[in-house]
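J.: Provided below are the primary sequence and the corresponding predicted coordinates.
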Amino acid sequence: MNVNTEDRIYDSIIVGAGISGVSAAYHLKTYCKGTDFLVLEGRENFGGTWDFFKYPGIRSDSDMHTLGFSFKPWNSKKFIADAPSIMKYLDETIEENNLKEFIKFNMHIESASWDSKESIWELTINNKNLDRLEVIKTKFIQMCAGYYSYANGHKPTFKGSDNFEGKIVHPQEWDNSINYENKKVSVIGSGATAVTLIPEIAKKASHVTMIQRSPTYIASVPSEYKFLHLLNYISPKLGYKIIRFTNILRQRNIYRRARKSPEIVKDYLLDLVKNELPDYDIEKHFTPSYNPWEQRLCLAPDNDFFESIKQNKVSVETDTIDSFSHKGVKLNSGKLIEADIIVTATGITLQNFGGINIFVDGDEIDVSKSFFYKSMMYTQIPNFINTFGYINASWTLKADLTSKYACRLINFMKDNQYTKCIPIAPDDLMVTDFLDDFSSGYVRRGASITVKQGNKKPWINNQNYLRDIFEINYGKIEDKSLRFS
C-alpha cells in the first residue's frame, strides 16, 4: 500500500468525532482562533457510541441537560433521549458551528509516534476512502476515541454454545436484520444495556427472560420534565443553564449520599422497586451484593422495565449458567430457559486510545506505567490530552472541561513559544488504582491496562464536576507537575 506524507503540520489533531470530539472541535474553533486542526474519525459517520450501537431501544442513561454540551441547549421536554434524538442534536451542533469542514471520516489511525527532536507527532493513518496509508503531522493530539473496543465486546465462553440452534448476538453486533417478533429471547446480563433493550424487545417478542448472575440497582425515573422544561419558554439559554445546574447538583447529592450513607440509599432504592413489584422476590432478584454507586445506577424511564415484568412480558432468573443446549440456556439450578435468540449483554472491553499504538522516540508506551495528570494527561506522553468522562455523572461534563483545558494549554504554549509539555510525577507519589471505587466488571477486567492514579492532587481522578470546574477551568496552567520546554 502506498504511503502519502503531508508536509503540512497541524497545530492539533482530534481523534474521534463522537460527543468528546465534537466538543473538542467546537472549543478549538471558538477559543483557539487561528489554530489549524483536523478531526479524524475512523468510522464513516460522527456520533461514536450513539451511531455505533444499533440494538433496540438504545438511549442515554443520563439526562440530556448534562449529557448535552454546555454551549448547545437541549430544549426538549423529554430529557432521557434515544440514540436518533442524540444524533440529531450532534448533527445540529456540527452544522450550527460549521464543524463539518474539519472532520475527515474513514481515517483509521494505526499508530502515533512522537519525535522529541522535532517536537512533532506523526500519525500513520489508513485512509479507507482512498485505500492508502497516510502520514499526518501535528504538534498536539487530543484523544477523543472513547474507552472501549468497538471491535470486541466482552464475550465469555459458554459451554455448549455451538449446540444452540437459534441466534446468539452481542449488543455490539446487533443489526436490523435480527427478527425477534414472537420469539422467545434470553438476555444474559443485568447492566445498563440489558435494562435498556429488554423492555423494547418485549414489545414484540413472545417473552423475554433476563438471566443475571447478580442483581443491579435499577431506579425508575420519568423521561420528561413536569415543570422544569417550562423555563425554556421564558428563555431557552437561561432555562437550559438553570436545568443543567440543577441536575448537576442533584447528581452530586445522590452520589454523595450513596457514599456517606449507603444503607439508607440502598433501602430507599429497594423500597422503590418493592412499590413497583410488590409480589416479586426483591431480595433475590433486585438486591445487589454491592453498595449503591459502586457500579453505575441503571435507569428505567417511565418504569418501562418494571411495567414489562408486570405485564408478564419479561421474567428474571438470578442464577449462574451451566451451559447452552440446542433449545436455550441451562442454569446451574437445572432449569432450562428456552430461547430462539440469546443476547449476551455481558459488557464491554476496555481499550486505551481506540487501540492506537503510541510511540515516544521509538519506544511503545505501556499506559499502565503512566500516572494520570488532572485525569487527562500521561507522564510518559508529551503534547497529548485524553478525554475520559465521569463514571458517576454525565460523560460530557468532563469532556467539555477537558476541551476547555486543552484550549488554555495550547494558547499558553503558543504565547510562551513552548513546543513541548509533559507531566512529571513526584518521587514520593503513591500508586492507587484508577477508578478503584468502582466494582463494575469492565473496570476490573481492564485494570491491568489502565493508567495509574496518585494519592494527591493533581494526580487524583476526582470524579467530582464541581471541584474540577475550579481545578481544571481556573487552576494555573504552569505548575510544578507540568514541564514545558
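T.: Received, thanks. Numbers count the residues shown, from 1 in each chain.

J.: only C-alpha atoms for contact and neighbour calcs from this point on.
T.: Will do.

J.: quick one, helices of this protein?
T.: 19-31, 49-52, 64-67, 83-96, 192-202, 231-234, 236-260, 262-276, 282-285, 304-310, 395-415, 441-445, 465-468 (DSSP state H).

J.: So which elements touch the longest one?
T.: For helix 236-260, the helices and strands in contact under the criterion 3 or more CA pairs under 8 Å, 6 or more residues apart in numbering; DSSP states H and E are helix 64-67, helix 231-234, helix 262-276.

J.: Please identify the buried residues of that helix?
T.: 236-237, 239-244, 247-248, 251-252, 255, 258 (16 or more other CA atoms under 10 Å).

J.: Kindly report the same for the second one.
T.: Using 16+ other CA under 10 Å as the test for burial, helix 49-52 gives 49, 50, 51, 52.

J.: Which residue ranges of the stretch 1-150 of the chain form strands?
T.: Taking DSSP state E, counting those that start in this stretch as the criterion, the stretch 1-150 of the chain carries its strands at 3-10, 12-15, 37-40, 103-104, 107-115, 120-127, 132-138, 141-143.

J.: Let me know which of those is the nearest to residue 285.
T.: strand 141-143 (39.8 Å; CA to CA).

J.: Partner strands of the closest one and their direction?
T.: Strands flanking strand 141-143 in the sheet, each with its direction: strand 12-15 (parallel), strand 384-386 (parallel) (DSSP bridges).

J.: can you give me how far the longest one is from the chain middle?
T.: Read that as strand 12-15. Its chain's C-alpha centre and that of strand 12-15 lie 19 Å apart, by CA atoms, centre = their mean, to the nearest Å.

J.: got a list of contacts for that strand?
T.: Strand 12-15 has contacts (CA atoms under 8 Å, 6 or more residues apart in numbering) with 21, 24-25, 35-41, 138-145.

J.: Confidence-wise, which helix or strand of this structure is lowest on average?
T.: Using mean pLDDT, DSSP states H and E, the weakest-scoring helix or strand in the chain turns out to be helix 231-234, at a mean of 74.

J.: which strands and helices sit next to it?
T.: Against helix 231-234 (3+ CA pairs under 8 Å, 6+ apart) you get helix 236-260.

J.: Next one: the residue nearest to residue 440 when sequence neighbours are not counted from residue 48, what distance?
T.: Among residues not flanking residue 440 along the chain, residue 295 sits closest, at 5.3 Å (CA to CA, 6 or more residues apart in numbering). According to CA to CA, to the nearest Å, residue 295 stands 23 Å off from residue 48.

J.: quick one, which of those two is more surrounded?
T.: The residue with more neighbours, out of residue 295 and residue 48, is residue 48; 22 against 19, by other CA atoms under 10 Å.

J.: what's near enough to touch that one?
T.: Shown in contact with residue 48 (CA under 8 Å, 6+ apart): 16, 17, 18, 19.

J.: How about residue 331?
T.: So residue 331 contacts 319, 320, 321, 322, 323, 337 (CA under 8 Å, 6+ apart).

J.: what about burial for those, which qualify?
T.: Buried among the contacts of residue 331 (16+ other CA under 10 Å): 319, 321, 322, 323, 337.

J.: Serialize the residues you listed to JSON lines and add fields for pLDDT.
T.: Shown next, in JSON lines, are these (pLDDT from 0 to 100):
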{"residue": "319", "pLDDT": "97"}
{"residue": "321", "pLDDT": "97"}
{"residue": "322", "pLDDT": "96"}
{"residue": "323", "pLDDT": "97"}
{"residue": "337", "pLDDT": "97"}
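
J.: Show only the entries of the residues you listed found in strands.
T.: Filtering the buried ones among the contacts of residue 331 for membership in strands, criterion DSSP state E, returns 321, 322, 323, 337.

J.: Just give the number of residues close to residue 101.
T.: Residue 101: 10 neighbours (other CA under 10 Å).

J.: and the gap between it and residue 39?
T.: 9 Å.

J.: which pair in the buried residues of helix 236-260 spans the largest distance?
T.: 236 and 258 (32.6 Å).

J.: How about residue 327, nearest residue that isn't a chain neighbour?
T.: residue 338 is the one closest to residue 327 (CA to CA, 6+ apart), at 5.4 Å.

J.: Go ahead and confirm that neighbour touches residue 328.
T.: Yes: between residue 338 and residue 328 there is a contact at 4.4 Å, judged by CA atoms under 8 Å.

J.: would you turn the buried residues of helix 236-260 into TSV with distance to residue 198 and pLDDT?
T.: Shown next, in TSV, are the buried residues of helix 236-260 (distance: CA to CA, whole Å; pLDDT from 0 to 100):
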residue	distance to residue 198	pLDDT
236	34	77
237	36	84
239	34	85
240	31	88
241	33	89
242	33	88
243	30	88
244	29	91
247	27	91
248	28	93
251	25	90
252	28	91
255	26	89
258	27	91
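
J.: I'd like the average pLDDT over stretch 372-391.
T.: What stretch 372-391 shows for mean pLDDT is 95.

J.: next one: it to chain centre, how far?
T.: 15 Å.

J.: what's the first-to-last distance across it?
T.: Where stretch 372-391 begins and where it ends lie 16 Å apart, using CA to CA.

J.: now stretch 177-184
T.: OK, stretch 177-184 end separation, CA to CA: 17 Å.

J.: which of the residues in it are buried?
T.: 180, 183, 184.

J.: Equivalent analysis for stretch 20-37, please.
T.: Applying 16+ other CA under 10 Å to stretch 20-37 flags 20-29, 32, 35-37 as buried.

J.: just stretch 70-77 next, same as before
T.: 70, 73, 74, 75.

J.: Check stretch 321-339 too.
T.: Under 16+ other CA under 10 Å, the buried positions of stretch 321-339 are 321-325, 327-331, 336-339.

J.: Between the residues you listed, which sits nearest residue 379?
T.: The nearest one, if we look at the buried residues of stretch 321-339 relative to residue 379 and count by CA to CA, is residue 321, at 42.8 Å.

J.: The closest one touches residue 334, doesn't it?
T.: No: the pair residue 321 / residue 334 is not scored as a contact, 9.4 Å apart, by CA under 8 Å.

J.: ok, the residue nearest to residue 327 - contacts?
T.: Taking CA under 8 Å, 6+ apart, one finds 184, 186, 327, 328, 329 in contact with residue 338.

J.: got JSON lines for those, with distance to residue 224 and pLDDT too?
T.: Output for these, formatted as JSON lines (distance: CA to CA, whole Å; pLDDT from 0 to 100):
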{"residue": "184", "distance to residue 224": "31", "pLDDT": "98"}
{"residue": "186", "distance to residue 224": "30", "pLDDT": "98"}
{"residue": "327", "distance to residue 224": "41", "pLDDT": "95"}
{"residue": "328", "distance to residue 224": "38", "pLDDT": "96"}
{"residue": "329", "distance to residue 224": "37", "pLDDT": "97"}
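
J.: Sort out for me which of those are in strands.
T.: Per DSSP E, the contacts of residue 338 map to strands at 184, 186, 328, 329.

J.: wait, what's in contact with the nearest residue to the last one once chain neighbours are set aside?
T.: Beyond its immediate neighbours in the sequence, the residue positioned closest to residue 329 (CA to CA, 6+ apart) is residue 337, lying 5.1 Å away. When contacts are counted by CA under 8 Å, 6+ apart, residue 337 touches 186, 209, 327, 328, 329, 330, 331.
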